[in-house]
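1. Fold the following.
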Amino acid sequence: MDNIGIIEAKYKSCAFLAIQCLKEAGIADREDAFKHHIQNAKILGLMPDDFKVIKITLADYGFVMQSGRLENAYFSDVVAALGISINTPSTVLITIRDYTHMGGYMVSLKTDGSHSFRLICPDPMLQNIGRETVTHVWIRWDDLIDRSPFPRKAVNRHTASRKRREVKDRDSFHFFNPNPCNNLIGDCVVRALSGSMDISWSEAMDRLAFVGETTVNAREVYPKTLEQEGFIRHKPLTRNGRRLTGRDFCLEMDRQCRNGERIFAHCGRSHAVAIVPIDGHYRIMDSWDSTSHTIGDFWVKANKKPKTEAVNERMSCDCFAVGESLMHPSFGVGTVTSIVPRVVTIDFGVNGIRRLGTDWVSKNCIRMAA
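-> Next up, the predicted model:
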């Protein structure tokens, strides 16, 4: 096997590697394959890295999944078995169990039917690929005629549908699951973006996919989408040195935000939620009640105001009044205590008294309504 190329991807999920293998094998353009894969994810209501989405995308490009007999065998043994069985030009995709990449690592091999293979997509991290464990194998014949040497048996599985416990709305919580298939899966980033931007689940997926990564819920991906959509990032609000819970955060937003600002927020350790005003009060929009978890970094986007009001605000952006309340992205809510040319002094209580430039305050702090 001759090593020809090396994949370069920032987030090497199995889905991204599958798309890269399609490109390196000359079967599909990367951009077209990526768009097709995202479309499949939207149709199924699943995340792009879900194995079901990967399987359907590969099937759409002519790949046939092989029997489980090849799974859990060594890579070298699988290649030897395929070499004996494949007699026509083909492309083979093999997924290798790997704890570095999400879903495992995928490699692509080419054969002209002469029982030898050419490795298209190796990884320098795989020092001894022959002894790696195989998890899945797909074959695509150049003439698109299925000649599976290890045909996979169709299995009809019937699973009893589990009853989902009804989640009732509360003062600071509103049940929200925009998933087109009503799936309850790890799509909190898509769901939170949908709620905070007031768009459909599918459109939220499209907005996230503009970065060009299949791992749309990566912490390095969705902040780019929020920034592009005009959201401003703020550090966690604290009280007595502790972050506010979702319930307390909503109550604080009721006091601070009077113009219908919509919020995307980190919640707990690894969750994302939308926090928006509903019937005059801020609530967490989610598929489960996460109001008892603390709120971390959050992104705020103000609703557009009438032009006359916006003009008045620009004219007075550096004219603060003593006693006015402002929300700082790091220090929380403070009160203006004194004003001198180009400098405003703000008392943030437990976070101290700060002297800040009026231009910076105008751009980074939220002015609270009286």
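2. separation between I84 and S114?
-> 12 Å (C-beta to C-beta, to the nearest Å). Backbone N, C-alpha and C define where each C-beta goes, glycine included.
3. which parts of the helix of greatest length in the chain are buried?
-> The longest helix of the chain (DSSP state H) is helix 30-44. Going by neighbour count (16 or more other C-beta atoms under 10 Å), the buried part of helix 30-44 is A33, F34, H36, H37, I38, Q39, N40, A41, K42, L44.
4. Give the closest residue to the residue nearest in space to the middle of the chain in space, chain neighbours not counted.
-> The centroid of the chain falls nearest to N217 when counting by C-alpha atoms, centre = their mean (1.5 Å). Using C-beta to C-beta, 6 or more residues apart in numbering and skipping the chain neighbours, the partner closest in space to N217 is V189 (4.0 Å).
5. Quick check: what element follows the helix or strand bottoming out on mean pLDDT in the chain along the chain?
-> Taking mean pLDDT, DSSP states H and E as the measure, the chain has helix 307-315 as its least confident helix or strand, at a mean of 35. Per DSSP states H and E, the first helix or strand lying C-terminal to helix 307-315 is strand 325-328.
6. what does that following strand rub up against?
-> Residues outside strand 325-328 that contact it (C-beta atoms under 8 Å, 6 or more residues apart in numbering): 234, 256, 320, 333-336, 346, 348, 354, 361, 364-368.
7. Can you go through those residues and name the buried ones?
-> The neighbour-count test (16+ other C-beta under 10 Å) marks 234, 256, 320, 333-336, 346, 348, 361, 365-368 as buried among the contacts of strand 325-328.
8. In helices only, show me the residues you listed.
-> Using DSSP H, the buried ones among the contacts of strand 325-328 in helices are Q256, V361.
9. So which of the buried ones among the contacts of strand 325-328 belong to strands?
-> Taking DSSP state E, the ones among the buried ones among the contacts of strand 325-328 that sit in strands are H234, V333, G334, T335, V336, I346, I366, R367.
10. Closest one to D143 out of those residues, please.
-> Lowest distance from D143 to these (C-beta to C-beta) belongs to H234, with 57.8 Å.
11. so the residue nearest to N217 sits in a helix?
-> Yes - if the criterion is DSSP: H, G, I helix; E, B strand; the rest coil, then V189 is within a helix.
12. and it, what does it touch?
-> When contacts are counted by C-beta under 8 Å, 6+ apart, V189 touches L208, V216, N217, Y222, A272.
13. Next step: these restricted to helices.
-> Judged by DSSP H, helices contain the following of these: L208, Y222.
14. sorry, back to before: show me which of the ones in strands among the buried ones among the contacts of strand 325-328 is closest to R131.
-> H234 (49.6 Å).
15. If we ignore the residues flanking it in sequence, what's nearest the closest one?
-> P329 is the one closest to H234 (C-beta to C-beta, 6+ apart), at 4.0 Å.
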